[in-house]
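Novice: here is a sequence together with a model predicted from it:
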Amino acid sequence: MTAAASEAWARCRGWIEAALAAADPLNTIADVERQVESGQAQFWPGERSACVTQVVDYPAGRLLNLWLCGGDLKELRRMLPAIEAWARSRRCGAACLTGRAAWGAVLGKYGFRPGHITFEKEL
């Protein structure tokens with residue numbers, strides 16, 4: 001990471017860690033940082049929030065996964081058009097977000113609709 005990106009990561013890390021704790025028990029913050037550094041994931045820092053995305057290729061097309069988002073919700077909503085424009089420039093035909101049901105009320109205004117439901121069980 002560049003010095004500026006490292007500084008932004010340090011400032012935003014807490015928001016990403018909180019999102020990770022809520023949404024992804026199979027990765028650590030070090031895993032996320034490695035994926036950002038390698039280009040497998042993209043880091044979108046804001047002033048009071050941050051998002052980490054992944055471009056996922058499937059046989060039928062490319063998808064932008066809004067993997068980890070945290071911080072100020074109003075700011076995240078303002079960041080969304082730039083993130084979507086970037087995804088379209090990378091030939092992503094859709095975007096998805098896995099999160100708590102409460103996200104549905106917020107994201108519906110931006111064209112997102114419920115897709116699949118994830119069921120979890122600890123083993």
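Specialist: Perfect, I can see it now.
Novice: quick one, strands of this protein?
Specialist: Under the criterion DSSP state E, the chain contains strands at 42-45, 49-58, 61-71, 94-96.
Novice: buried ones in the shortest one, by neighbour count?
Specialist: By 16 or more other C-beta atoms under 10 Å, the buried positions in strand 94-96 come out as Ala95. Placement of C-beta: from N, CA and C, glycine included.
Novice: again, but for stretch 1-19
Specialist: Neighbour counts using 16+ other C-beta under 10 Å place Ala8, Trp9, Cys12, Trp15, Ile16, Ala19 of stretch 1-19 among the buried residues.
Novice: just to revisit the earlier point, Throw the strands of the chain into JSON lines and include mean pLDDT and distance to Gln35, thanks.
Specialist: Output for the strands of the chain, formatted as JSON lines (pLDDT from 0 to 100; distance: least, C-beta to C-beta, whole Å):
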{"stretch": "strand 42-45", "mean pLDDT": "97", "distance to Gln35": "9"}
{"stretch": "strand 49-58", "mean pLDDT": "96", "distance to Gln35": "8"}
{"stretch": "strand 61-71", "mean pLDDT": "93", "distance to Gln35": "9"}
{"stretch": "strand 94-96", "mean pLDDT": "91", "distance to Gln35": "17"}
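Novice: mind checking those for the one nearest to Val106?
Specialist: Val106 lies closest, by C-beta to C-beta, to one member of those: strand 61-71, at 10.7 Å.
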